[in-house]
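Asks: below: sequence and its predicted model.
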Amino acid sequence: MTICKRLLLTGLLLLMIFSGMAQAEQLLRVLAWPGYADPDMVANFEKNTGSRVEVTYINTDDELWNKVLRNDGSDFDVFAVNTAELQRYINKGLSAPLDVSAIPNQANQLARFRSTGAISGLMRGKHLYALPYTYAEMGLIYNRKLVKIPPESMAAMWDPQYRGRVLAYSGSVHNFSIAGLLNGSKNPFRLSDSELQSATMRLVQLRRNVLGFYSSPEEAVRLYQSNDVALVFANFGTQQLEALRAAGADVGYVVPKEGALAWLDCWAISSKSKAPQLALKWINYTLQADVSILLSKRHGLANTVTATSFSNSKDKLIWLEPAEDQDKRLALWTRILSGDTLQKF
């Protein structure tokens with residue numbers, strides 16, 4: 001009798017252990033930008049897969065990098081990153097090659113995105129490290145009540161008439177690229193030391209016009225609603241435009257004549273993922289037409305599955321590339337935000 005009880009208890013204990021392991025394997029940890037994993041979208045995935053999803057939102061590339069870098073990426077299973085930023089994740093061994101055979105919905109994507117080998121940054125050797133999900137250009141939003149003539153250049157943010165009426169983005173990398181582009185640099189992503197110095201001077205001068213530096217579309221809307229804002233650098237592109245219009249703002253949108261930086265966000269899987277197969281299912285799920293179209297309907301973002309009106313083929317777009325030294329840009333940007341004067345650079 002005692003032996004039977006022991007066997008029974010042992011069996012129950014093993015059952016509890018294996019049950020707990022199964023539950024742990026069904027947890028998917030997603031790191032994404034706002035709008036990429038809405039609650040109802042997540043709930044539907046959970047229902048279809050019998051899994052549980054934890055979503056962590058980020059608002060800047062720097063924040064994304066720091067979260068993935070911590071604990072060598074083991075805190076997350078799948079994350080959204082643009083093609084330029086993706087390179088340092090691959091270099092650091094933080095992202096894993098994708099098994100495309102487990103993502104059949106890739107066949108749903110528009111032709112330009114199905115040709116992954118033709119998109120710079122997705123491949124490393126023969127391995128595919130990410131799949132496109134959404135994209136947008138970084139244009140310029142203007143208040144129709146305060147700006148009567150649509151601006152033609154991003155240089156309008158430095159115009160003295162808009163002192164204290166400009167909203168700028170708080171991320172470090174893109175701001176230096178914009179300044180470099182305006183300064184005439186041949187490649188705004190690969191600035192020389194002298195070009196980086198000139199870009200720094202230009203960004204210091206921008207501070208006098210900036211009302212505030214935002215980190216999310218929602219924060220930009222709040223700042224816009226409570227202040228007399230003339231111009232907004234749209235780091236999140238048409239997503240911000242739609243968010244402001246939904247809030248009742250009378251705003252216009254332009255792609256500057258010198259061109260607009262444009263990002264292509266993709267799903268990548270952490271090399272330390274605890275649920276890589278579930279992560280593949282997540283990527284496949286987001287490439288369903290009914291799921292991808294939510295990006296456009298709700299958030300004003302172009303998706304990679306259905307053609308939308310958010311991108312104009314005539315616009316000059318400058319696809320993001322890795323910066324020459326992201327850490328150096330971040331260090332300089334931190335000093336700019338802290339208020340260092342021109343003489344200190």
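Replies: Now that the structure is in, tell me what you want to look at.

Asks: strands of the stretch 1-150 of the chain, start to end?
Replies: 27-32, 52-57, 78-82, 95-96, 123-124, 127-128, 131-137, 140-143 (DSSP state E, counting those that start in this stretch).

Asks: what's the answer for the stretch 201-345 of the chain, then?
Replies: 210-214, 231-233, 251-254, 260-270, 302-303, 317-319.

Asks: so which of the strands of the stretch 1-150 of the chain is nearest residue 40?
Replies: Taking Cβ to Cβ, strand 52-57 is the member of these nearest to residue 40, at 12.0 Å. C-beta here means a position set from N, CA and C on the backbone, and glycine is covered the same way.

Asks: so which elements touch the closest one?
Replies: strand 27-32, helix 39-49 (3 or more Cβ pairs under 8 Å, 6 or more residues apart in numbering; DSSP states H and E).

Asks: ok, residues contacting it?
Replies: 26-34, 37, 42, 45-46, 67, 76, 282 (Cβ atoms under 8 Å, 6 or more residues apart in numbering).

Asks: now the buried members of these.
Replies: 28-34, 37, 42, 45, 67, 76, 282 (16 or more other Cβ atoms under 10 Å).

Asks: how about JSON lines for those residues, with distance to residue 121 added?
Replies: Formatted as JSON lines, the buried ones among the contacts of strand 52-57 follow (distance: Cβ to Cβ, whole Å):
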{"residue": "28", "distance to residue 121": "25"}
{"residue": "29", "distance to residue 121": "24"}
{"residue": "30", "distance to residue 121": "21"}
{"residue": "31", "distance to residue 121": "19"}
{"residue": "32", "distance to residue 121": "19"}
{"residue": "33", "distance to residue 121": "18"}
{"residue": "34", "distance to residue 121": "23"}
{"residue": "37", "distance to residue 121": "22"}
{"residue": "42", "distance to residue 121": "27"}
{"residue": "45", "distance to residue 121": "27"}
{"residue": "67", "distance to residue 121": "20"}
{"residue": "76", "distance to residue 121": "20"}
{"residue": "282", "distance to residue 121": "21"}
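
Asks: next, give me the two most distant ones among the residues you listed.
Replies: Farthest-apart pair in the buried ones among the contacts of strand 52-57 is 45 and 67; separation 21.2 Å (Cβ to Cβ).

Asks: on that earlier part again, of the strands of the stretch 1-150 of the chain, which is nearest residue 110?
Replies: Minimum separation from residue 110 across the strands of the stretch 1-150 of the chain (Cβ to Cβ) falls at strand 131-137, 9.2 Å.

Asks: quick one: buried residues of that closest one?
Replies: For strand 131-137, by 16+ other Cβ under 10 Å, it's 131-137.

Asks: redo those as JSON lines? Include distance to residue 227 and pLDDT.
Replies: JSON lines is the format used below for the buried residues of strand 131-137 (distance: Cβ to Cβ, whole Å; pLDDT from 0 to 100):
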{"residue": "131", "distance to residue 227": "39", "pLDDT": "97"}
{"residue": "132", "distance to residue 227": "36", "pLDDT": "95"}
{"residue": "133", "distance to residue 227": "33", "pLDDT": "96"}
{"residue": "134", "distance to residue 227": "29", "pLDDT": "93"}
{"residue": "135", "distance to residue 227": "30", "pLDDT": "88"}
{"residue": "136", "distance to residue 227": "24", "pLDDT": "85"}
{"residue": "137", "distance to residue 227": "25", "pLDDT": "88"}
